[in-house]
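Trainee: Provided below for reference: sequence and predicted model.
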Amino acid sequence: MNKFKAKIGVLLVNLGTPDSTSTPDVRKYLREFLMDGRVIDIPAFSRWLLVNLIIAPFRAPKSAKEYRKLWTDRGSPLLFHTEDLRDKVREKLSSDTYIIEMAMRYQTPSIEDGLAKLKAANVGKIIVIPLFPQYASASNGSVVDKVMEIARTWQIIPHITFVNNFVDHPLFLEAWEELGEKYMEKEEYDTFLFSYHGLPERQIKKGSCDNYCQLNDKCCASYNKKNQFCYRAQSFYTTRLLSEKLSLPKEKVQTCFQSRLGNDPWIKPYTDDVIKELADNGRKKVLVFSPAFVADCLETTVEVGQEYKEQFIELGGQTWDLVPSLNSNDKWVACVADLIHINS
Ligand SMILES: C=CC1=C(C)c2cc3[nH]c(cc4nc(cc5[nH]c(cc1n2)c(C)c5CCC(=O)O)C(CCC(=O)O)=C4C)c(C)c3C=C
Ligand SMILES: [Fe+2]
Ligand SMILES: [Fe+2]
């Protein structure tokens, strides 16, 4: 807070979700999402052809069906959990000091509307928190890009701070620990799988410092100055930190990457390959964490919780439990409040 007692604006931003499960709404969402050059990072005309002639027409009806498995009375879990998070963070922080809004990078509520509310309140500073624990150009980078695209049209641009990543925030780790422990008290698992959203390998290479990221076991074995912004390194680091917190034996822990799209190589190991390997090696009881996501969504509830589960059980597995996401867990709310404090 400055001497004029100008309020601090906070914008919590998650990825986005369709407005409904109708095929036209899912197509509209996919178009906006995949036309983002940070998501499909190929030349604009090729991207337009790919998205409008192939992905949107063919994927939209299939994705709409998937979204119907996820939808609730309150709509998309990604959206309502983010609303709940905003409400709980508001309760925790003084409204004399902070104005807290939420937005989606794609579709509604938009970043434009969220920033307009903060601007109308004449805030002295804006803190933007992309709700992605590990930094990727396709997620956090895209939020920064969009916020700057809007802010650069303003006559006055206040101080704007972006949270880059929060993989090692103690309360982020404690929240996952609390959720995981509930499962571990009830069941003896032989495997702990950490499945993160995937990324095309070229996106990691493009952001690599001095070509450090070779996308092998070595380059992500430590988290250091060279790979501080590498999504894959941050994902392995998250696994190590959570394993330590939960005292998981090394031989039972595996990191993998899901949700690949298209034929280009994505970061490995792929979750579906790892599931086959686990089954081949006689593993029977798996507890899965998805710590790239802070709210239940299509990629967790349906892809991990239903599709990968079916695959594992068909291959002879017995138990496949997915730890639900942080949603509006109190420790997670405290983590977001602390991110706001330390950036104020
Ligand atoms: C964790 C952060 C995310 C990154 C990084 C990310 C990159 C990325 N995603 C796609 C393609 C799709 N992702 C889809 C859904 C989806 N992705 C994230 C998060 C990240 N994506 C979330 C939280 C969700 C779920 C949204 C919801 O409504 O529940 C989808 C849509 C679903 C589908 O049709 O299967 C696509 C497509 C790419 C290409 C990419 C990086 C290059
Ligand atoms: Fe995605
Ligand atoms: Fe790496």
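Mentor: Cool, got the structure. Ligands and ions are numbered 1, 2, ... in the order given.
Trainee: tell me the contacts of residue 84?
Mentor: 327-328 (C-beta atoms under 8 Å, 6 or more residues apart in numbering). Just so you know, the C-beta spots here come from the backbone N, C-alpha and C atoms, and that holds for glycine as well.
Trainee: mind listing what's buried along the host helix or strand of it?
Mentor: Assigned by DSSP states H and E, residue 84 belongs to helix 77-92. Buried positions in helix 77-92, judged by neighbour count with 16 or more other C-beta atoms under 10 Å: 77-86, 88-90, 92.
Trainee: turn those into CSV, columns for pLDDT and distance to ligand 1.
Mentor: Shown next, in CSV, are the buried residues of helix 77-92 (pLDDT from 0 to 100; distance: C-beta to the nearest ligand atom, whole Å):
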residue, pLDDT, distance to ligand 1
77, 98, 7
78, 98, 4
79, 98, 8
80, 98, 11
81, 98, 10
82, 98, 10
83, 98, 14
84, 98, 15
85, 98, 14
86, 98, 16
88, 98, 20
89, 98, 19
90, 98, 23
92, 97, 24
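Trainee: which of these come close to ligand 3?
Mentor: Contacts with ligand 3 are made by none of these, judged by C-beta under 5 Å from the ion.
Trainee: residue ranges of the helices in the stretch 1-150 of the chain, please?
Mentor: 23-34, 44-49, 56-70, 77-92, 111-120, 142-151 (DSSP state H, counting those that start in this stretch).
Trainee: do you know which of the ones you listed lies nearest residue 247?
Mentor: helix 77-92 (28.4 Å; C-beta to C-beta).
Trainee: what distance separates stretch 114-123 from the centre of its chain?
Mentor: 25 Å (C-alpha atoms, centre = their mean, to the nearest Å).
Trainee: avg pLDDT for that stretch?
Mentor: On average, the pLDDT along stretch 114-123 is 97.
Trainee: can you list contacts of it?
Mentor: 6-9, 11, 13, 99, 101-103, 126, 147, 150-151, 154, 158.
Trainee: direction included, what does the helix or strand hosting residue 196 pair against?
Mentor: Taking DSSP H and E as the criterion, residue 196 maps to strand 191-197. According to DSSP bridges, strand 191-197 forms sheet pairs with strand 253-258 (parallel), strand 285-289 (parallel).
Trainee: could you export the longest one as CSV, CA atoms only?
Mentor: Taking Å, rounded to 0.1, in the frame of the first residue of the first chain, the C-alpha atoms of strand 253-258 are listed here in CSV:
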residue,chain,number,x,y,z
VAL,A,253,7.9,-42.8,-7.4
GLN,A,254,7.5,-42.1,-11.1
THR,A,255,7.0,-38.8,-13.0
CYS,A,256,5.2,-38.6,-16.3
PHE,A,257,3.5,-36.3,-18.8
GLN,A,258,0.0,-36.6,-20.2
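Trainee: following that strand, which helix or strand shows up next?
Mentor: Past strand 253-258, the next helix or strand by DSSP H and E is helix 271-280.
Trainee: what do you get for the shortest one?
Mentor: Beyond strand 285-289 in the direction of the C-terminus, DSSP H and E gives the next helix or strand as helix 309-314.
Trainee: show me how far that following helix is from its chain's centre.
Mentor: Worked out by C-alpha atoms, centre = their mean, helix 309-314 lies 24 Å from the chain centre.
Trainee: contacts for it?
Mentor: Contacts of helix 309-314 (C-beta under 8 Å, 6+ apart): 272, 275, 278-279, 286, 320, 322.
Trainee: average pLDDT for it?
Mentor: 98.
Trainee: the helix or strand following that helix: how far from the chain's middle?
Mentor: Next helix or strand after helix 309-314 toward the C-terminus (DSSP H and E): strand 319-322. The chain centroid and the centroid of strand 319-322 are separated by 21 Å under C-alpha atoms, centre = their mean.
Trainee: who are the packing partners of strand 319-322?
Mentor: strand 285-289, helix 309-314 (3 or more C-beta pairs under 8 Å, 6 or more residues apart in numbering; DSSP states H and E).
Trainee: now the ones you listed as JSON lines including distance to residue 201?
Mentor: Shown next, in JSON lines, are those (distance: least, C-beta to C-beta, whole Å):
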{"stretch": "strand 285-289", "distance to residue 201": "23"}
{"stretch": "helix 309-314", "distance to residue 201": "23"}
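Trainee: which one of the contacts of stretch 114-123 sits closest to ligand 1?
Mentor: Ligand 1 lies nearest to residue 13 out of the contacts of stretch 114-123, by C-beta to the nearest ligand atom, at 11.5 Å.
Trainee: contacting residues around the closest one?
Mentor: 102-105, 111, 114, 128-131, 143.
Trainee: do residue 178 as well
Mentor: 329, 331.
Trainee: close to ligand 1: what parts of the stretch 151-300 of the chain are there?
Mentor: 197, 199-200, 259, 261, 292-293, 297-299 (C-beta under 6 Å from any ligand atom).
Trainee: which of those residues are buried? Put it as a ChimeraX command.
Mentor: Remark: buried members of those, expressed as a ChimeraX selection using 16+ other C-beta under 10 Å:
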select :197,199,200,259,292,293,297,298,299
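Trainee: which of the residues of the stretch 151-300 of the chain next to ligand 1 lies closest to residue 232?
Mentor: Using C-beta to C-beta, these come closest to residue 232 at residue 199, 7.5 Å.
Trainee: surely that closest one and residue 264 touch.
Mentor: No. With contacts defined as C-beta atoms under 8 Å, residue 199 does not count as touching residue 264, sitting 10.4 Å away.
Trainee: no further questions, thank you.
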